[in-house]
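A.B. asks: Whatever this is, show me its structure:
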Amino acid sequence: MCPYCRQELKTTHGRHWDIEHVIPRVTVSNFMFDGYNLCVACVDCNGEKSDKKVTNSTAKQHYPKNPQSFLFVHPILDDYDKYIIVIEKGLFYYPLEEKGKNTIEICGLNRFYQYAGYTYQMDVFERIQMLTNHAQTVTCSKTQTQLLEEIAALSLRSIVSKKKTA
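C.D. replies: Coordinates of the predicted model:
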């Protein structure tokens, strides 16, 4: 399973997976073979992440093992579910914290949504339905509140947009 998009790509041939360097090799070559800096990621997430900045650490000799040193969800050091809700694998990801938002941006997780040809106006009802379905299954009240706030924001943006074009 890709540590970023959470998709499982099964194959008996072809290239679907990359050895991913969490901190890019061009940034700190000393970490190229460090076990904390290596993971298996899907080709798409690895390509999107590329050489983007993922840490504020200035370490050059010893790999930073404090999760707070990273701007995005580290595949080994962080608990993914604390930062991102996967509403629908390969389609819709919802950030719970800043690290989740950064991960979605750095790895381009919304690319799946864009590839599917969805746009904000075409799909507002489906997005609200997906968020509603997920909010009903979540037990954490903070997460439920965040999901309900997102549903409200989507609804209000859609109403304003429709009134502007009417």
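A.B. asks: okay, CA-based contacts and neighbour counts for the rest of this
C.D. replies: OK.
A.B. asks: now for whichever strand or helix holds residue 105, which elements pack on it?
C.D. replies: For residue 105, the element it lies in under DSSP states H and E is helix 98-106. Here helix 98-106 touches helix 80-83, strand 92-95, going by 3 or more Cα pairs under 8 Å, 6 or more residues apart in numbering; DSSP states H and E.
A.B. asks: Sort out which residues of the first one are buried, please.
C.D. replies: Read it as helix 80-83. Buried residues in helix 80-83, counting neighbours by 16 or more other Cα atoms under 10 Å, are found at 80, 83.
A.B. asks: who's in contact with residue 36?
C.D. replies: 63, 65, 76 (Cα atoms under 8 Å, 6 or more residues apart in numbering).
A.B. asks: try 6 Å
C.D. replies: For residue 36, no residue meets the contact criterion (Cα atoms under 6 Å, 6 or more residues apart in numbering).
A.B. asks: so it sits in a helix?
C.D. replies: Yes - judged by DSSP: H, G, I helix; E, B strand; the rest coil, residue 36 forms part of a helix.
A.B. asks: Check what pLDDT it gets.
C.D. replies: In this model, residue 36 is scored at 96, pLDDT.
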